[in-house]
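**Q** this one's sequence-less:
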């Protein structure tokens, strides 16, 4: 009986890491809109001076910018793409798809076309990468269809994927 009660008590304890890691609705909307909605703060990352490294990691070529002393960008490989932040590659195929997402496709990122920023809400900080789906959204009514990757900037922070319509 004690073992059963102990097991049930363990199940009722929330996992603080996974609960805190999911971005809030305000963070998601701010990222998708590429505009900070209160109480979010946003710091844009300029992508005018891009570096290319064909052998950043075995099998990965990378395009990145240096922002606050950290490499920020996108890596490509035959195994798939990855968001680069502070020397770490975060594979997009492993990104957690958020509940609001309609698309099954996790698109590749074009560094020079995507919007890059750091967004913050309280103690939570995320790298936000937002863009239009390839072939859509560069003009006309499809400009409202966007996808975003949100990377928790903590050392073991998670990578999330979402898409949606913006007004």
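**A** On my side now, so go ahead. Here the structure is a predicted model, which is why all the values come from computation and not from measurement. Numbers count the residues shown, from 1 in each chain.
**Q** quick one: which helix or strand includes residue 29?
**A** Using DSSP states H and E, residue 29 falls within helix 25-33.
**Q** Check which helices and strands that helix sits against.
**A** strand 115-121, strand 124-132, strand 145-152, strand 159-165 (3 or more Cβ pairs under 8 Å, 6 or more residues apart in numbering; DSSP states H and E). Where C-beta positions appear, they are placed from N, C-alpha and C, glycine not excepted.
**Q** The first one versus helix 25-33: what angle between them?
**A** Looking back up the chat, that one is strand 115-121. Relative orientation of strand 115-121 versus helix 25-33 (axes from the mean of the first three to the mean of the last three Cα atoms, to 10 degrees): 170 degrees.
**Q** residues in contact with strand 115-121?
**A** Contact with strand 115-121 is made by 24, 26-27, 30-31, 34, 36, 39-45, 47, 65, 72, 125-131, 150, 153, as judged by Cβ atoms under 8 Å, 6 or more residues apart in numbering.
**Q** give me the beta-bridge partners of the spatially most central residue of the chain?
**A** Closest to where the C-alpha atoms of the chain average out (Cα atoms, centre = their mean) is residue 150, at 2.2 Å. Going by DSSP bridges, residue 150 is paired in beta bridges with residue 128, residue 160.
**Q** check contacts around it.
**A** Residue 150 makes contacts with 23, 27, 28, 31, 119, 126, 127, 128, 129, 159, 160, 162, as judged by Cβ under 8 Å, 6+ apart.
**Q** Let's see that with 7 Å instead.
**A** By Cβ atoms under 7 Å, 6 or more residues apart in numbering, the contact set of residue 150 is 23, 27, 28, 31, 126, 128, 160.
**Q** Can you flag the buried ones in those residues?
**A** Taking 16 or more other Cβ atoms under 10 Å as the criterion, what is buried in those is 23, 27, 28, 31, 126, 128, 160.
**Q** of the residues you listed, closest to residue 54?
**A** When the buried ones among the contacts of residue 150 are compared for distance to residue 54 (Cβ to Cβ), residue 128 wins out at 26.8 Å.
**Q** Confirm for me that the closest one is in contact with residue 31.
**A** Yes. With contact defined as Cβ atoms under 7 Å, residue 128 reaches residue 31; the gap is 3.8 Å.
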